[in-house]
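> here is the input, now give the coordinates:
(chains A and B)
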Amino acid sequence: MSSPRAAKSTASLRHRLAERGVDLSLLMLLPAIVFTTALFIYPFSYGIGLTFQPYPAVQEQFGGGVLANYRAFFTDDFLFDSVWLTMRLALPAALFNVLASIPVAFKLRHRFRGKKLLTTLLVLPITLGTVLTAQGLLIFAGRQGWLNNFLVQIGLVEEPLKLVNNYWGVMFSLIISGFPFAFLLISSYLSGIDPSIDAAARTMGAGWFQRFRRITLPLLAPGLATTFILTFVLAFSVFPSARLVGDAMGETRVMALMAYRAFGEQNDYPMASTVAVVMGAIELLVVAVVLLWRSFLYRGSTGGKG
Amino acid sequence: MPTSTFSQLELRGVGRSFGGRDALVDLDLTVRAGEFIALLGPSGCGKSTALNCLAGLLPLTHGQILVDGQRVDTVAAEQRDFGMVFQNYALFPHLSVEKNIAFGLQMRKVPKAEVKRRVAEAIALVKLEEHAKKLPGQLSGGQQQRVAIARAVVVEPRLVLMDEPLSNLDAKLRLEMRTEIRRLHQNLGLTTIYVTHDQEEALSMADRLVVLREGRVQQIGTPEELHSQPVNWHVADFMGYRNLVDLNVAALAGSEVTLTAGGVTVHGTAMEPVSIGDPVRVAIRPEDLVVVSEANPVRGGNELEGTVAVVEYHGREFAVTVHTERGTQLHVHSDHPPQIGSTVLMTADPSRVLVYSSDLDAAPSSVEEAELDEVRA
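Next up is the predicted model:
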């Protein structure tokens, strides 16, 4: 005989299903499922499908059958260089946003007069759209802008500095729009760390640098990784400012612009999809690397108000 | 392990205000090496403020702190060489038990081999050998508390500060840890300042108690002094004198006072100067107010009548709640269980009927109360 089996449940089928989480409340997920399917899963799969249907012209020029689009992307320097150009913007921008937020978030951790005003000022740029930011930058930092006029007038520079319509213009715009995000996130991660942990380290003889390096930073690091990922992804998909305050055909020829060019100017929708898919793959690669690093960190409770 | 490296710690007129409100006023206290001092009081009385001022986590607004005549209130917290145990333990969540305990030694640049040895000693001291490699999150509350204590004492601090370290533990563990802390204090020759709101904890652990109320010291004394001779009714209330009754002084003879109210006459002992006609507050412990029986005859002519409302079994005796004719509720002990609703006679020795003036010295309301008032306004 086989081993004795557990007594068969006498509960009704409905009851047993409910125990496994199958009941009417699942219907609440319906809107989300419909929207995800209609607005993400279907277009995404469709786009991936498109990349394997290259136009005859592309196939002729680059060969490779159904993979012609990918072949084109990786062999055509004009296209492939955009990966490097985008990375050159997104990585330093994300890194700067995260690193610059740490001391600011630290300073704004305690209660003091004018804290609300300062926080609001720091976060306000979120409400400005990219286009408005770009306009502002052009007016403020352009050749005839206030900044250059001022610098020339006080004699600090002889020629107006070239701050927009190049790499730096886009970089400024990425910082203006990305910093508030990074600051808000890091602030909330920081407030999740119980202040008495820092006080304990003080009573044990640790100076501020030791406390930061050995206590606060390790507890904050997972949050920094998450923040980095978010600002990086934001910066990597930069498009309007690359065109408006950048040098769209030169040093800020970012991937989103390449996709737009294939679609808008060459009517090559499969090629545009290919650029988009490669872009997504590169972002995922960076995210994966950061998450891998994060997985080695302590990620448990930090005792604060969370 | 450590022996304290000072002979006395002195707090002179220490005070701390927050935004113009006084949380702690004029604290004068001299602590001798090896003493166990408890700061006792209800929440908002300034006891934690005092401890944080000592630790250097809060700057003083008044006064000085001296160790053997040397000022330490001007020294940064990280250089005071005081160990502190926090109410929520404040362990470093990302470091193992060992590394938590080693942290203070590493900050003092103790050689590696010695760190290893002393950490192992400290872990053995709090009996956590098998948990040395675990993270704090994997430990129970009591174990975390042991880590916090080991971490504070491993550096052989001149003074150990403990901020309600047992308040997050369950009743049984609290009793165990009490003994444990007292044992460590004695074995290591520590000097300890211990903050608590639990009078029983303070009485059982401390050599001397400091009772605070609204930022002001009410009484400093040994457990026996506080237990039997509270200086005012507030301290008495805090020390377990659960029966507080308002009466009037009818006659005075030295410290013997005769009190009346509504036809009842009680004999008591004046603890504060009172005069005839004064409204006074009488404090009696439940164990001093007993139901009259064969074994408990009427004492000193003190006889009170009341109706039994609640009877609780407390092992060898019974705790009885009695309502008097005037509607006062009294907590009484009895050697037999009286019938609920029946009328009983109670008595108390006049020497255990403590008479206090009704007014506490007019102190301003506490910070918390003032803040509450502000919110309500």
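> pLDDT on stretch A:265-276, on average?
Averaging pLDDT along stretch A:265-276 gives 93.
> chain center to it: distance?
How far stretch A:265-276 lies from its chain's middle: 23 Å, per C-alpha atoms, centre = their mean, to the nearest Å.
> got a list of contacts for that stretch?
A:47-48, A:50-55, A:58, A:69-70, A:72-73, A:79, A:82, A:255, A:258-260, A:262-263 (C-beta atoms under 8 Å, 6 or more residues apart in numbering or on different chains). Just so you know, the C-beta spots here come from the backbone N, C-alpha and C atoms, and that holds for glycine as well.
> which SS state does residue 212 fall under?
Answering for chain A, as no chain was given. Under DSSP: H, G, I helix; E, B strand; the rest coil, A:F212 falls in the helix class.
> oops, chain B please
Recorded secondary structure, B:L212: strand (three-state DSSP).
> let me know whether it touches B:G44 as I believe.
No - using C-beta atoms under 8 Å, B:L212 is not in contact with B:G44; the gap is 9.8 Å.
> when the two are compared, which one has more neighbours?
B:L212 (25 against 22; other C-beta atoms under 10 Å in any protein chain shown).
> next, the contact list for the residue nearest to B:L161 when sequence neighbours are not counted, please.
Excluding its sequence neighbours, the residue lying closest to B:L161 (C-beta to C-beta, 6 or more residues apart in numbering or on different chains) is B:M84, at 4.5 Å. Residues counted as contacts of B:M84 (C-beta under 8 Å, 6+ apart) are A:A199, A:A200, A:T203, B:L51, B:A55, B:A152, B:V160, B:L161, B:M162, B:D163.
> show me these that map onto strands.
Among the contacts of B:M84, the ones falling in strands (DSSP state E) are B:V160, B:L161, B:M162, B:D163.
> ok, so of these, who is nearest chain A?
Nearest to chain A out of the ones in strands among the contacts of B:M84 is B:L161 (C-beta to the nearest C-beta; 7.8 Å).
> list the contacts of that closest one.
Contacts of B:L161 (C-beta under 8 Å, 6+ apart): A:T203, B:L51, B:L54, B:A55, B:F82, B:G83, B:M84, B:V85, B:T192, B:I193, B:V195.
> quick one, grab the pLDDT at the fourth one.
In the predicted model, B:A55 carries a pLDDT score of 94.
> verify the stated contact: it with B:G83.
No - B:A55 lies out of contact with B:G83 (C-beta under 8 Å); the separation is 9.2 Å.
> so B:G34 sits against B:N187, correct?
No - the pair B:G34 / B:N187 is not scored as a contact, 11.8 Å apart, by C-beta under 8 Å.
> quick one: which of the two has more around it?
Between B:G34 and B:N187, counting by other C-beta under 10 Å, B:G34 is the more crowded of the two (15 against 10).
> can I assume that one sits in a helix?
No - secondary structure assignment (three-state DSSP) places B:G34 in coil, not in a helix.
> can you list the weak-confidence ranges in the chain?
In the absence of a named chain, chain A is used. A:1-7, A:303-306 (pLDDT under 70).
> try chain B instead
Chain B contains residues with pLDDT under 70 at B:1-4, B:361-377.
> how about the residues of it by chain A?
B:55-57, B:77-84, B:86, B:88, B:90-94, B:103-104, B:107-108, B:135, B:137, B:151-152, B:155, B:161 (C-beta under 8 Å from any C-beta of the partner chain).
> filter those residues down to the ones in strands?
Using DSSP E, the residues of chain B next to chain A in strands are B:F82, B:G83, B:M84, B:L161.
> thought the first one was touching A:T203?
Okay, so that is B:F82. Yes - taking contacts as C-beta under 8 Å, B:F82 lies within contact range of A:T203: 6.3 Å.
> and chain A, which of its residues are near chain B?
Counting by C-beta under 8 Å from any C-beta, the residues of chain A near chain B are A:194, A:196-197, A:199-207, A:210, A:214-215, A:218-219, A:297-298, A:300-303.
> what strand or helix carries B:A283?
strand B:279-284 (DSSP states H and E).
> ok, then the element right after that strand?
Taking DSSP H and E, what comes next after strand B:279-284 is strand B:290-291.
> list the contacts of the following helix or strand past that next one.
Counting by DSSP H and E, the element after strand B:290-291 in chain order, helix or strand, is strand B:304-314. The contact list for strand B:304-314 (C-beta under 8 Å, 6+ apart) reads B:264, B:266, B:318-325, B:329-330, B:332, B:334, B:337-347.
> about what we covered before: just among the contacts of B:M84, which is most surrounded?
Most surrounded of the contacts of B:M84: other C-beta under 10 Å gives A:A200, at 30 neighbours.
> OK, contacts around that one?
B:M84, B:F86, B:A90, B:L91, B:F92, B:R151.
> residue 265: neighbour count?
Going with chain A. 8.
> I was thinking of chain B, sorry if that wasn't clear
15.
> would you say it is within a strand?
Yes - applying three-state DSSP, one finds B:T265 inside a strand.
> contacting residues for it?
Applying C-beta under 8 Å, 6+ apart, the residues near B:T265 are B:A250, B:T258, B:L259.
> now with 7 Å, please.
Residues near B:T265 by C-beta atoms under 7 Å, 6 or more residues apart in numbering or on different chains: B:T258.
> how much space is there between it and B:L58?
In this view, B:T265 and B:L58 are 51 Å apart by C-beta to C-beta, to the nearest Å.
> ranges for the helices of the stretch 51-200 of chain A?
Applying DSSP state H, counting those that start in this stretch to the stretch 51-200 of chain A gives helices spanning A:56-62, A:68-75, A:77-107, A:115-123, A:130-141, A:146-153, A:167-191, A:195-203.
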